[in-house]
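Engineer: Below is the structure, and that's it, no one-letter string:
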């Protein structure tokens, strides 16, 4: 084999090696591109999943905040309604209290005063009771004592017997109440029990007793 043939074979071998190298490089590049695209898709999908999860978290957070706001709005609305109702009820009580001075000045007040004293005496059911009125009402209270005591004795005779009734003594206490409008305060059992039967106390008792009915009349 001459030198020319040797050079030709060497050239063919070099060309073959180059071709093999190109094919191998192309194969490596193709595989690298495939792996890159797969990794890129994986990373993109992972980021999409993170975005979806973050969006869902924020969406739930917005929904929770919306429900909290709605709940607070409902609660505040109820509180405002309750306050408005309470204010209206307090206005009714104030209006009723404003009528008490007129009741004291009315022609029916002496009879009412006697009834309040009688009722208190029967509730205490004690033979020794002191009665005091509000300042400025002493004369009316004294005038009502005799009738109230007689009514109490009649009640006591039937309820506890004539001996108990005979021991009854109702005393006027000149140390009048410094505040209030009308009515009396009774003290019995040696000063251990005091019964407030003033008009204001009776009004407050009536208010508490009939509060459900008043609410029904005003708001239902």
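Structural biologist: Looks like it came in fine. As the structure is a prediction and not an experimental result, all values here were calculated from the model.

Engineer: Report the residue ranges of every domain in this protein.
Structural biologist: Residue ranges for the domains of the chain, per automatic domain parsing: 1-76, 100-212.

Engineer: Sketch out the low-pLDDT regions of the chain for me.
Structural biologist: 1, 3, 6-7 (pLDDT under 70).

Engineer: The residue most central in space within the chain sits in which helix or strand?
Structural biologist: Closest to where the C-alpha atoms of the chain average out (CA atoms, centre = their mean) is residue 79, at 7.2 Å. Secondary structure assignment for residue 79, by DSSP states H and E: helix 3-98.

Engineer: moving C-terminal of that helix, what's the next helix or strand?
Structural biologist: helix 100-104.

Engineer: And that following helix, what's buried?
Structural biologist: Across helix 100-104, burial judged by 16 or more other CB atoms under 10 Å covers 100, 104. Every residue, glycine included, has its C-beta placed from N, CA and C.

Engineer: So what touches that helix?
Structural biologist: 109, 112, 137, 181, 182, 199, 200, 203 (CB atoms under 8 Å, 6 or more residues apart in numbering).

Engineer: go again using 7 Å as the cut-off
Structural biologist: 109, 181, 182, 199, 200, 203 (CB atoms under 7 Å, 6 or more residues apart in numbering).

Engineer: got JSON lines for the residues you listed, with neighbour count too?
Structural biologist: Converted to JSON lines, the contacts of helix 100-104 look like this (neighbours: other CB atoms under 10 Å):
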{"residue": "109", "neighbour count": "18"}
{"residue": "181", "neighbour count": "19"}
{"residue": "182", "neighbour count": "25"}
{"residue": "199", "neighbour count": "23"}
{"residue": "200", "neighbour count": "16"}
{"residue": "203", "neighbour count": "19"}
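
Engineer: okay if I get these as TSV plus secondary structure?
Structural biologist: Output for these, formatted as TSV (DSSP: H, G, I helix; E, B strand; the rest coil):
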residue	secondary structure
109	helix
181	coil
182	coil
199	helix
200	helix
203	helix
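
Engineer: Looking at the residues you listed, which is nearest residue 19?
Structural biologist: The closest of the contacts of helix 100-104 to residue 19 turns out to be residue 203 (CB to CB; 115.5 Å).

Engineer: How about the contacts made by that closest one?
Structural biologist: Contacts of residue 203 (CB under 7 Å, 6+ apart): 96, 97, 100.

Engineer: now swap in residue 118 and tell me
Structural biologist: Contact analysis of residue 118 by CB under 7 Å, 6+ apart lists 148, 151, 152.

Engineer: Count the residues that sit near the second one.
Structural biologist: For residue 151, the tally of surrounding residues (other CB atoms under 10 Å) stands at 17.

Engineer: Ignoring the adjacent residues along the chain, who's closest to it?
Structural biologist: Leaving out its chain neighbours, the residue that sits closest to residue 151 by CB to CB, 6 or more residues apart in numbering is residue 118, at 4.5 Å.

Engineer: From residue 83, how far off is that neighbour?
Structural biologist: The gap separating residue 118 from residue 83 is 41 Å, by CB to CB, to the nearest Å.

Engineer: One more: residue 101?
Structural biologist: From residue 101 to residue 83 the distance is 29 Å (CB to CB).

Engineer: Also residue 31?
Structural biologist: 77 Å.

Engineer: now swap in residue 105 and tell me
Structural biologist: Residue 105 is 35 Å from residue 83, by CB to CB.
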